[in-house]
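Structure of the sequence below:
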Amino acid sequence: MVFGSGIAACTAPLHGLKQGDRMAMSRTIYHGILRFAEVFLADWGIGVDYFDSGDLDGLTRAVRPGETRLVWVETPANPTWAVTDIAAAAEIARKAGAMLAVDSTAATPVLTRPLELGDEVPKRPFRRHRRRRRYQGGRRILATDADAPARRRAVARQLRGLSPGRGMRTLFLRVRRQSENALSVARFLEAHPGVELVHYPGLESDPGHEVASRQMQGGFGGMLSFLVPGGRDEAIRTVKRARVFKRATSLGGVESLIEHRKTSENELTSTPENLIRVSVGVEDIGDLIDDFETMLSGG
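Residues are numbered from 1 along each chain as shown. Sure thing, here's the model as predicted:
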């Protein structure tokens, strides 16, 4: 099923749940889903059990056989890009009689196809936000078998007016170039003395690199984040020095974007105050590196 926005596709599987059901959800995911779960699911009589992204033992403990109907993971997970083994998570969910949903925002179907790895409800997001596009240019795709919850999702899409109004263009061209640029940016940042830590599964030093290498083909996506010394204030100052990168909360367009992530989120997230999130576009890589030189040198 194709939806008109990312949040529309994310909430549709929740309409497949019934009162008394439970879902297991990773803590590091798009903050809008955390907010939706907090505000609505308790009122609907649906329980939520949380686990850390990428922690399969934690996922096993969070799943309650006979009660858990949906397992929700995002991989790589926004904004730390932690990687979850989709095939292993699918097996844990299957043994408990639950369905697995994978939010594959950062990977897109160009780099990861969760259905081939055992996921029963892969979502390949990206919605339009004002003039800034996410990767799939206004569409979010939800693929699933024709089961009863799937029919409920279809009805939710129809009755709530969630159908898409735009098409996908240049997706493969953009994602490949964005992935190449992001890897170059990540390697530059990892070697820079003004950076504490870089989160990007394409780096050999990243904890999720081995799993990402198995389930992402042709690149590791255009999203990364990094930590700077000096806390929140220095992170905000760093972002304000950007000239090529646009300061905006979105991702996936041809233009490179940067933001102090915690400012854009809510109190439910555990995002570090000194974390800067980057959506790498298709500009000349030399211009992007030069911009980071300026930002990190205090210029």
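
tell me the domain ranges of this protein?
The record's domain parsing of the chain by automatic domain parsing lists 2-159, 171-297.

and those domains, which one's lowest on average pLDDT?
Lowest mean pLDDT of the domains of the chain: domain 2-159, a mean of 79.

Follow the chain on from the longest helix along the chain and name the next helix or strand.
Ranked by residue count, the top helix of the chain under DSSP state H comes out as helix 171-191. Beyond helix 171-191 in the direction of the C-terminus, DSSP states H and E gives the next helix or strand as strand 197-199.

quick revisit: let me have the domains of the chain in TSV, extended by mean neighbour count.
All C-beta spots, glycine's among them, are computed from the backbone N, C-alpha and C. Listed next are the domains of the chain as TSV, based on neighbours: other CB atoms under 10 Å:
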stretch	mean neighbour count
domain 2-159	20
domain 171-297	19
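
a strand runs through residue 50, doesn't it?
Yes - assessed by DSSP: H, G, I helix; E, B strand; the rest coil, residue 50 belongs to a strand.

hmm, who's touching the helix or strand encompassing residue 233?
Per DSSP H and E: residue 233 is located in helix 231-240. For helix 231-240, contacts defined as CB atoms under 8 Å, 6 or more residues apart in numbering pick out 228, 247, 258-260, 262-263, 273-276, 295-296.

Columns secondary structure and distance to residue 33 on top of the residues you listed, output as TSV?
Shown next, in TSV, are the contacts of helix 231-240 (DSSP: H, G, I helix; E, B strand; the rest coil; distance: CB to CB, whole Å):
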residue	secondary structure	distance to residue 33
228	coil	27
247	strand	24
258	strand	23
259	strand	19
260	strand	21
262	helix	17
263	helix	19
273	coil	22
274	coil	24
275	strand	19
276	strand	22
295	helix	30
296	helix	32
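
What segments of the protein are strands?
With DSSP state E as the criterion, the chain has strands at 2-3, 22-26, 47-51, 68-74, 99-103, 121-124, 128-129, 132-133, 140-142, 197-199, 223-227, 246-247, 257-260, 275-279.

Can you name every helix or strand that the longest one contacts?
Read that as strand 68-74. Here strand 68-74 touches strand 22-26, helix 56-62, helix 86-95, strand 99-103, going by 3 or more CB pairs under 8 Å, 6 or more residues apart in numbering; DSSP states H and E.

Okay, angle between it and helix 86-95 too, please.
Here the directions of strand 68-74 and helix 86-95 differ by 170 degrees (axes from the mean of the first three to the mean of the last three CA atoms, to 10 degrees).

same thing with the fifth one?
Strand 99-103 and helix 86-95 meet at an angle of 150 degrees, taking the same axes, to 10 degrees as the criterion.

tilt between strand 99-103 and strand 22-26?
Between the axes of strand 99-103 and strand 22-26, defined by the same axes, to 10 degrees, the angle is 30 degrees.

Please write out the alpha-carbon positions of strand 99-103 in PDB.
The C-alpha coordinates for strand 99-103 follow below in PDB (Å, rounded to 0.1, in the frame of the first residue of the first chain):
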ATOM      1  CA  MET A  99       4.300  -9.500  13.100                       C
ATOM      2  CA  LEU A 100       7.500  -7.600  12.400                       C
ATOM      3  CA  ALA A 101       7.400  -4.000  11.000                       C
ATOM      4  CA  VAL A 102      10.600  -2.400   9.800                       C
ATOM      5  CA  ASP A 103      10.900   1.400   9.300                       C
END
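
tell me what it is packed against?
If you count contacts as 3+ CB pairs under 8 Å, 6+ apart, strand 99-103 packs onto strand 68-74, helix 86-95, strand 121-124.

One more pass at 10 Å, please.
Here strand 99-103 touches helix 6-11, strand 22-26, strand 68-74, helix 86-95, strand 121-124, going by 3 or more CB pairs under 10 Å, 6 or more residues apart in numbering; DSSP states H and E.
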